[in-house]
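# here are the coordinates; sequence isn't available:
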């Protein structure tokens, strides 16, 4: 069911991940040069790609809501690890820029998606109980 609200949340989280990856500056150094994710940040970049793929894959797992929920959790974990890597392993001359903090938005969107998936699962279980 593509028209469910959690499917829209999952799509927007994937879209926001890609926008952050390609257009949002992550670091700024003392010479005011802005850096987007590059080869030095290969692992966080890979985690953002994985998070995007998982979010898009979760859209089509609507028949198995438990699996869909686990995929959303994995996607959120990838974003959290990527954010932590940016914070913990930044170079001394670089400062974090707004792109690194924008990673919080897809995390929050995935949180709301998980909430609505749980709500659907609870509704289906209550309907099964009535039958």
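Cool, the structure landed. Source: prediction; values computed, not measured. Numbering: from 1, shown residues only.

# May I have the residues that are in contact with residue 49?
Contacts for residue 49 (C-beta atoms under 8 Å, 6 or more residues apart in numbering) come out as residue 21. Glycine gets a C-beta too; all of them are placed from N, C-alpha and C.

# Can you give me the distance of it to residue 42?
Between residue 49 and residue 42 the computed distance is 11 Å (C-beta to C-beta, to the nearest Å).

# Show me what the longest helix anywhere in the chain is packed against.
Longest helix in the chain by number of residues (criterion: DSSP state H): helix 104-130. Here helix 104-130 touches helix 5-23, helix 42-59, helix 65-88, going by 3 or more C-beta pairs under 8 Å, 6 or more residues apart in numbering; DSSP states H and E.

# Dump those helices into JSON lines; add mean pLDDT and distance to residue 110 as well.
Conversion of the helices and strands packed on helix 104-130 to JSON lines gives the following (pLDDT from 0 to 100; distance: least, C-beta to C-beta, whole Å):
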{"stretch": "helix 5-23", "mean pLDDT": "91", "distance to residue 110": "5"}
{"stretch": "helix 42-59", "mean pLDDT": "92", "distance to residue 110": "7"}
{"stretch": "helix 65-88", "mean pLDDT": "92", "distance to residue 110": "5"}
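
# export those to CSV and tack on distance to residue 122?
Conversion of the helices and strands packed on helix 104-130 to CSV gives the following (distance: least, C-beta to C-beta, whole Å):
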stretch, distance to residue 122
helix 5-23, 13
helix 42-59, 18
helix 65-88, 10
